[in-house]
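S.K.: No letters, just coordinates:
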């Protein structure tokens, strides 16, 4: 009877886990993504703007990393070093470019040269491929020496899109109350007086707008290469005193982040409880084993069966004690796991239930919510946890 109850509970928990898995796991993409093409970026050459050339080279590599169509080749190559090693001129000719392609193991590569002119740096960026050569000019302030500077990344992105044949489109954003916008999960960009203009590759892009005290809003926009696209919106004030980036904020759109984490945590709790039930079944299986029963019946009342088996005590018509000792070890291990899984499962389930159902109907002034603030960008991210006490 006990075994049947255990089995029913085990099957019920497994059903819950399967249901959660079906709910939470996203569907498989209907079509495979187009494979990325390998490209190499050579360190831009300069004899008068070395720092700016180094920063532009890194920015170009970051643009490739962000690209949907390209992947950066292995290795770190410098135009200056390669031309010297191959006996080429500072501006490589067609024959030298073929040698460089073999040296960097990529048919497609980017190279360029910069020079300082007053407070500006100017130069030419080239793209070599089996289809031929393309080039574009760049000119920007000499103050752009940080490869992570969004202004320099914009210069690099526009140049890269032009030489690879994918001219960018311009996106003009007017977002009332918004302070930041995240484009395609990249680093957040600051809006100035609720506006910003961006150069983006043609195609679909996801924009997420946010500001303290306002509900975040996500829009999908189709950027057309070489054309201007405008987006206008106004953020709504968050209900219940929610703050963008805080778990528990009510955006009025489906499940909140807090509820999603709550569901996931309850799923973890269900898995742990299933592990506890499985461990209990293993212990019960040892107790009901025929060989174990026969050996136990041979042991004098009051003596420990497992201690006798581990000591190698043999009895007439009883199984070999070594096998019984192994079963004792198995039962002991699963008995420990049973309680560990049960405790952890109850805790995880309780935390998940609190996150999913907890205290959403209380007035904002009567409570302080736990907060998890996250920021993620191309260079990394951070997470901070705030708990009331």
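M.R.: Perfect, thanks for sending it. Computed from a predicted structure; not experimentally measured. Numbers count the residues shown, from 1 in each chain.

S.K.: just to confirm, which helix or strand has residue 232 in it?
M.R.: Element membership of residue 232, judged by DSSP states H and E, is strand 228-234.

S.K.: now residue 47, what's its secondary structure?
M.R.: Assigned by DSSP: H, G, I helix; E, B strand; the rest coil, the conformation of residue 47 is coil.

S.K.: what do you get for the one 5 residues further on?
M.R.: Residue 52 carries the three-state label helix when classified by three-state DSSP.

S.K.: roughly how far apart are it and residue 152?
M.R.: Distance of residue 52 to residue 152, given as C-beta to C-beta, to the nearest Å: 9 Å. All C-beta spots, glycine's among them, are computed from the backbone N, C-alpha and C.

S.K.: shared neighbours of the two, which are they?
M.R.: Taking C-beta atoms under 8 Å, 6 or more residues apart in numbering as the contact rule, residue 52 and residue 152 both touch residue 144.

S.K.: coming back round to it: show me which residues of the strand holding residue 232 are buried.
M.R.: Residues of strand 228-234 classed as buried: 229, 233 (neighbour count, 16 or more other C-beta atoms under 10 Å).

S.K.: Use 7 as the first number from now on
M.R.: Will do, 7 is the new start, and the previous item becomes strand 234-240.

S.K.: list the helices and strands whichever helix or strand comes after it packs on?
M.R.: Once the chain leaves strand 234-240, the next helix or strand it forms, by DSSP H and E, is helix 263-293. Counting contacts by 3 or more C-beta pairs under 8 Å, 6 or more residues apart in numbering; DSSP states H and E, helix 263-293 is packed against helix 8-30, helix 327-363.

S.K.: in helix 263-293, what's buried?
M.R.: Residues of helix 263-293 classed as buried: 263-265, 267-289, 292 (neighbour count, 16+ other C-beta under 10 Å).

S.K.: With stretch 139-152 instead?
M.R.: 142, 144, 146, 150, 151.

S.K.: any weak-confidence spans in the stretch 57-206 of the chain?
M.R.: 172-174 (pLDDT under 70).

S.K.: of the buried residues of stretch 139-152, closest to residue 320?
M.R.: For those, the closest approach to residue 320 (C-beta to C-beta) belongs to residue 151, at 82.8 Å.

S.K.: so that closest one sits in a helix?
M.R.: No - counting by three-state DSSP, residue 151 is not part of a helix but coil.

S.K.: Can you verify my assumption that it contacts residue 56?
M.R.: No - with contact defined as C-beta atoms under 8 Å, residue 151 does not reach residue 56; the gap is 10.1 Å.

S.K.: Would you list the phi and psi of the closest residue to residue 136 other than its chain neighbours?
M.R.: With sequence-adjacent residues excluded and distances taken as C-beta to C-beta, 6 or more residues apart in numbering, residue 136 is closest to residue 113, at 5.3 Å. Main-chain dihedrals, residue 113, degrees, to the nearest 10: phi -70, psi -20.

S.K.: again with the one 5 residues further on
M.R.: Dihedral angles of residue 118 (phi, psi; degrees, to the nearest 10) stand at phi -170, psi 170.

S.K.: bridging residues for it?
M.R.: Taking DSSP bridges as the rule, residue 118 bridges to residue 131.

S.K.: swap in residue 227?
M.R.: Going by DSSP bridges, residue 227 forms beta bridges with residue 211.

S.K.: check contacts around residue 74.
M.R.: The contact partners of residue 74, by C-beta under 8 Å, 6+ apart, come to 42, 207, 209.

S.K.: does residue 203 count as helix, strand or coil?
M.R.: At residue 203 the chain is in strand, as set by three-state DSSP.

S.K.: residue contacts, it?
M.R.: Applying C-beta under 8 Å, 6+ apart to residue 203 gives the contacts 176, 177, 178, 179.

S.K.: if we can go back for a sec, number of residues surrounding the residue nearest to residue 136?
M.R.: Using other C-beta atoms under 10 Å, residue 113 is surrounded by 16 other residues.

S.K.: How much space separates it from residue 79?
M.R.: Distance of residue 113 to residue 79, computed by C-beta to C-beta: 10 Å.

S.K.: go on, residue 325?
M.R.: For residue 325, the distance to residue 79 (C-beta to C-beta) stands at 65 Å.

S.K.: what do you get for residue 197?
M.R.: Computed as C-beta to C-beta, the residue 197 to residue 79 distance reads 36 Å.

S.K.: cool, residue 116 as well?
M.R.: Between residue 116 and residue 79 the computed distance is 11 Å (C-beta to C-beta).

S.K.: which of those two has more neighbours?
M.R.: Using other C-beta under 10 Å as the criterion, residue 116 and residue 79 rank with residue 116 on top: 28 against 16.

S.K.: Common neighbours of residue 116 and residue 79, please.
M.R.: Common contacts of residue 116 and residue 79, defined by C-beta under 8 Å, 6+ apart, comprise 45, 46.

S.K.: can I assume residue 76 is in contact with residue 43?
M.R.: Yes - between residue 76 and residue 43 a contact is recorded at 5.7 Å, counting by C-beta under 8 Å.

S.K.: Domain parsing of this structure, as residue ranges.
M.R.: Domain assignment for the chain by automatic domain parsing gives 8-28+260-365, 48-172.

S.K.: Looking at those, spot the one closest to residue 219.
M.R.: Of all the domains of the chain, domain 8-28+260-365 comes closest under C-beta to C-beta, at 16.3 Å.

S.K.: Tell me if I'm right that residue 43 and residue 77 touch.
M.R.: Yes - proximity of residue 43 to residue 77 meets the contact threshold set by C-beta under 8 Å, at 7.1 Å.
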